[in-house]
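whatever this is, show me its structure:
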Amino acid sequence: MKIFFIRKQFLKICLVLFIVLTGAIIFMTPVLPSMAIELSKNSVLSKAAADRIANLSNETEKIAYLTFDDGPNPSVTPKILDILKEENIKATFFVIGKNVDAHPEIVERAYEEGHFIANHGYNHNNNILYKNEKNFVNEVKNTDLAIGNAVGIENYCSHIFRFPNGFISSNYKSKKEKAVKLLEEMNYAYIDWNCLNHDSMKKYNRAQLLNNLKKTAKDKNTLVVLMHDTKDVSDSSSVLKESIDYLKSSGYSFKNFYDIL
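Below is the predicted model:
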């Protein structure tokens with residue numbers, strides 16, 4: 001009986017030590033952004049993923065993809081990241097390469113907090129972007145390079161591009177159509193939006209920005225929401241919390257492009 005008691009106590013002690021050590025290992029393991037694929041030029045954008053991106057706004061689930069263009073901006077992007085963190089929402093940032101080079105620490109933060117970093121060209125200058133095919137490819141590649149340097153991934157490739165002013169714009173239409181073929185060769189898809197608050201159109205107050213979003217979201221299921229993490233015209237960070245509250249109250253949940261890739 002005495003031997004049995006000692007063995008039983010010993011097993012209890014071992015079990016407690018195992019639980020403590022397992023918990024310590026889990027606690028000490030760093031939490032990294034959730035990525036369905038490795039975002040590098042060695043990874044492949046599947047046809048299924050590309051097709052889904054092309055038809056995202058036609059999906060029937062009530063999902064909102066919050067997207068922010070033209071950053072990073074040192075006075076606006078951190079405010080947006082703070083709100084997204086508080087709301088536990090992962091968004092997508094279509095960054096301009098030269099802004100990434102100027103503020104890599106902001107992009108690094110966004111990436112580490114689980115947001116998707118997508119490509120919006122290096123200069124956001126159509127005269128440069130569409131001058132010739134080589135220029136277009138370099139604009140995309142140089143933005144990838146800037147993002148990779150910021151987040152510490154060699155040969156970074158987001159696989160998702162947004163045309164400055166959108167593909168939907170009639171400006172440079174024929175050149176955009178040629179650029180789409182170049183993007184396909186580079187293993188890239190492109191996406192526009194189907195919901196926006198018009199923050200880049202003219203100066204709107206918070207109520208007007210929110211009302212614009214409500215109007216463009218009306219009677220739609222999956223939303224690709226365009227906002228800007230700048231304040232060149234209107235400041236979307238000032239109305240982001242109210243915009244999220246409205247979308248939540250309307251039955252939307254939130255995803256970013258990691259969920260597709």
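
quick check: closest non-adjacent residue to the residue nearest the centre of the chain.
Among the residues of the chain, the one closest to the centroid is Thr92, at 1.6 Å (CA atoms, centre = their mean). Once flanking residues are discounted, Thr92 sits nearest to Phe116: 4.2 Å by CB to CB, 6 or more residues apart in numbering. (Each C-beta comes from the backbone N, C-alpha and C, glycine too.)

shouldn't the one you found be in contact with Tyr258?
Yes: the pair Phe116 and Tyr258 qualifies as a contact (CB atoms under 8 Å) at a distance of 5.5 Å.

the more surrounded of the two?
Neighbours per residue (other CB atoms under 10 Å) separate Phe116 from Tyr258, with Phe116 holding more: 25 against 17.

contacting residues around the more buried one?
90-93, 158, 160, 256-258 (CB atoms under 8 Å, 6 or more residues apart in numbering).

ok, now with 10 Å
33, 35, 39, 65, 67, 90-94, 110, 158, 160, 255-261 (CB atoms under 10 Å, 6 or more residues apart in numbering).

next: Leu183.
Counting by CB under 10 Å, 6+ apart, Leu183 has contacts 45, 50, 119, 136-137, 140, 159-161, 163, 176, 189-190.

name the helix or strand for it, please.
helix 173-185 (DSSP states H and E).

average pLDDT across that helix?
What helix 173-185 shows for mean pLDDT is 97.

please apply the same query to stretch 74-91.
Here the average pLDDT along stretch 74-91 is 98.

again with stretch 107-121
pLDDT averaged over stretch 107-121 gives 98.

give the buried residues for it.
Under the neighbour-count criterion of 16 or more other CB atoms under 10 Å, stretch 107-121 has 107-111, 114-121 buried.

tell me how far the residue nearest to Thr92 lies from Phe257.
4 Å (CB to CB, to the nearest Å).

likewise for Val95?
13 Å.

can you list residues touching both of the two?
Between them, Val95 and Phe257 share the contacting residues 117-118, 158, judged by CB under 10 Å, 6+ apart.

picking that back up, out of the contacts of Leu183, who has the most neighbours?
Busiest of the contacts of Leu183 [other CB under 10 Å] is Asn119, holding 29 neighbours.

residue contacts, it?
Asn119 neighbours (CB under 10 Å, 6+ apart): 94-97, 100, 139-144, 146-147, 156-162, 183, 186, 188, 190.

mind listing what's buried along the strand or helix carrying Leu145?
Using DSSP H and E, Leu145 sits in helix 133-151. Across helix 133-151, burial judged by 16+ other CB under 10 Å covers 135-136, 138-151.

backbone phi and psi for His228, please?
phi -130, psi 140 (degrees, to the nearest 10).

out of the helices and strands in this structure, which is least certain?
helix 2-28 (a mean of 48; mean pLDDT, DSSP states H and E).

show me which residues of stretch 229-243 are buried.
Result for stretch 229-243 [16+ other CB under 10 Å]: buried residues 229-230, 234-237, 239-240, 243.

no more questions from me, cheers.
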